[in-house]
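**Q** Here is my input, please return the structure:
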Amino acid sequence: MRRLRQSNSLFKLSLSILLVSLIIGSCSTVDSKTKKQANTIASKIDSVPPYKRKPLDSLTMAELWERYKTNPCYLPLIKDTNLWEKGTRVGFNPVDLINDSLPANHTYANRYLVGDFNAIQSDGTNKRIQEVYPKLSGLFEFSSLPKSLVDRIDTTAPGSVSYQNLLTELDKVLGSTSINFKNFLEKVWKYKMVPINREYSIENGNVYAAGHAIVLCESCKDTIYMRAKFGTSPKRQDIASTGARTTYYEYFPTGKRRHYYAGLNRITSKNWETDRKFDSLDIARDKELGGGNNRITFYKGNVELPNFLLVKPSPEYTNAMHSNGIHEVALRNLARGMLGTANSIGCLRVSDFGAKYLRWWVPQNCKFFISYNDTLYHKKINIKDSLSNYLPFKSVAEGDAFRKWLNTYKPQEAKSLEIGLTGDYRNGYIIDGYYYFKDEYNKFLKTKRNDN
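**A** Numbers count the residues shown, from 1 in each chain. Alright, predicted model coming up:
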C-alpha cells in the first residue's frame, strides 16, 4: 500500500512548476501576470523557437509553411487542399490541437501527434528522415529536478558504474519519489540509441526516398514545441491470400484510396508488450495521462505488435481504416531499415525506442493528425549506377565485420536490433544498425587502419 501511495504521487511538482504547466498546457486560461511568471520559468526548461512569437491563430499560410520547414507540428494548421483528403476538412485551427477529452486544465491536454507523410519535398528532391530525440530538460515530467541531474540522466549509459551512481543520487535527492524516475529509466530511456539520419531506404534491390515521420507536439497560445520526431513506415502494401500462400502487392493510400488515413484521429487504446513488466508504477503513470492498459496486441494471433497504440479515425472520416495502430517494427519482412519510407500493410511502424517512448508520453485520446500531398507520399529512386553505391557494405565480409564490432562493443543494441554475427549484408536490420552507429564504426575503422 505504501508503494502504491508513492506511485499515485508520481512526479509531484512545486508551485513554480505548476505555473509552467499553465503556460505549456492550458495556455489560454491564465492572466498576463501569471503568464509572465510562467514564461520566466519556461525559458529555463526549453529554448524559444527561432522565430518571433505570435498568437497561433494570427499566422498567415506563408508563415505556417515557413515554420513547417523546421517544425512539422505546424502541419495540421496549413489549409492547403493538396494536403487533405478531397471532400474533408482542409486544415485545422489552433483550438483543434487540444485534447478535449481531458479536463481543460489537464497538464497533458496540449499534447498531440502529427503524421508527416510527405516523403519528398515539393520540388521533387529527397526529404531525408532525420529523427529528433526528446530532451529531458524540455519535458514537463522532469522540470522539478535540478538541470545538472537531468543532464546526467540524459547522458549516462545504463549498466555503467556512473549509472549506478546516478540511481544512488536520485534516491538521495528525491527520496521515495525516485522510484518513478528510475522506472522511466529502466523501461523507456535505456532503449534510446542514435537518431536515424538517412536519405534512402533499400529493399530487395530497390532504393526509396526516406522522409515519413511521427512527430510529438505540444501546443501553446503563441508557439508550438516539437518534442520529438521518429521515423515511421506507413502503408505501401496489402496482402492477398490464396489457400496457404500469402503474397504482398503495392497499395498506396493515394488517389482514390486517399481516404485510408483520416486527417484527424485519436489514440484510444495504449497497450503494452511482453518484454517489460507492467506494475503499479506503470498503472500510476497511465492514470496521470488519463488511461492505458496492460493488454498485448497480436497480429493474426501469433505475432506480437509491441506497445500498440490504437488509431481511431474521427467519425467524419467515414471510409478511413479503423484497425490501424502505431507499434514497434515486428514483422521481419517489413524491416527496421525501411523506417522513414512507406512499407507497411497499414499500421505505422516505429523503432523499439520510439514505440516505448510514445507509449509513455502519449495521453489517452491524444489527437493524431495525418497530412500529406499524394504526389509527395512515395518515391522510388531510378538507379542510374550500381546499387552497391547506395549500400554501406559491399560484401558479406564487410557486413560481418560490422556485425562483429556491434556485438562486441554494443551487445545490448545488437540484441535490440536483432543483428547477429553473420548474415545478409543487404537486409534492413544491418543497414539500419549501420546508420545508427556509422560515425562510431567509421572512427573505429580509421583507428584500426592507422594502427596497422
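**Q** need the helices for this structure, in chain order.
**A** For the chain, the helices defined by DSSP state H occupy 2-8, 15-24, 32-45, 61-68, 147-155, 161-174, 178-187, 280-289, 352-361, 396-409, 411-417, 428-451.
**Q** Those helices: which one's closest to residue 122?
**A** Closest of these to residue 122 is helix 61-68, at 9.6 Å (criterion: Cβ to Cβ). Using the backbone N, CA and C atoms, a C-beta is placed for each residue, glycine as well.
**Q** Contacts for that closest one, please.
**A** Helix 61-68 is contacted by residues 49, 51, 54, 59, 74, 75, 77, 78, 79, 80, 224 when judged by Cβ atoms under 8 Å, 6 or more residues apart in numbering.
**Q** What is the burial count for residue 367?
**A** Per other Cβ atoms under 10 Å, the neighbour tally for residue 367 reads 24.
**Q** check contacts around the residue lying closest to residue 380 once chain neighbours are set aside.
**A** Nearest non-adjacent residue to residue 380, counting by Cβ to Cβ, 6 or more residues apart in numbering: residue 208, 5.7 Å away. Counting by Cβ under 8 Å, 6+ apart, residue 208 makes contact with 200, 201, 202, 338, 341, 342, 343, 378, 379, 380, 381.
**Q** Selecting buried members of the residues you listed in ChimeraX, what would you type?
**A** To isolate the buried members of these in ChimeraX, using 16 or more other Cβ atoms under 10 Å:
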select :200,201,202,338,341,342,343,378,379
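**Q** want to throw the contacts of residue 208 into TSV with pLDDT?
**A** Shown next, in TSV, are the contacts of residue 208 (pLDDT from 0 to 100):
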residue	pLDDT
200	85
201	85
202	82
338	85
341	93
342	93
343	89
378	94
379	92
380	90
381	87
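**Q** Just give me the closest of the contacts of residue 208 to residue 105.
**A** Nearest to residue 105 among the contacts of residue 208, with distances taken as Cβ to Cβ, is residue 342, at 39.1 Å.
**Q** Next one: the closest residue to that closest one other than its chain neighbours from residue 348, what distance?
**A** Distance criterion Cβ to Cβ, 6+ apart; nearest residue to residue 342, sequence neighbours excluded, is residue 236 at 3.8 Å. Computed with Cβ to Cβ, to the nearest Å, the distance linking residue 236 and residue 348 is 12 Å.
**Q** Residue 99 now?
**A** Residue 99 is 19 Å from residue 348, where distance means Cβ to Cβ.
**Q** hmm, back to that, verify the stated contact: the residue nearest to residue 342 with residue 343.
**A** Yes: counting by Cβ atoms under 8 Å, residue 236 touches residue 343, with 5.2 Å between them.
**Q** Okay, now the unreliable bits of the stretch 301-450 of the chain?
**A** For the stretch 301-450 of the chain, the stretches with pLDDT under 70 are 331-336.
**Q** who touches residue 253 in this structure?
**A** Going by Cβ under 8 Å, 6+ apart, residue 253 touches 234, 235, 259, 260, 261, 377.
**Q** again, only using 6 Å
**A** Counting by Cβ atoms under 6 Å, 6 or more residues apart in numbering, residue 253 touches 235, 260, 261.
**Q** Dihedrals phi and psi, the last one?
**A** Reported as degrees, to the nearest 10, the phi and psi values for residue 261 are phi -100, psi 120.
**Q** Share the number of residues neighbouring it, please.
**A** 27.
**Q** so residue 217 sits right up against residue 112, yeah?
**A** Yes: under the criterion of Cβ atoms under 6 Å, residue 217 makes contact with residue 112 at 5.2 Å.
**Q** domains of this protein?
**A** Using automatic domain parsing, the domain parsing of the chain gives 48-133+193-376, 394-451.
**Q** Need the nearest residue in space to the residue nearest to the spatial centre of the chain, chain neighbours excluded.
**A** With distances taken as Cα atoms, centre = their mean, residue 230 lies nearest the centre of the chain, 3.5 Å away. The shortest distance from residue 230 to any non-neighbouring residue, by Cβ to Cβ, 6+ apart, is to residue 354 (3.7 Å).
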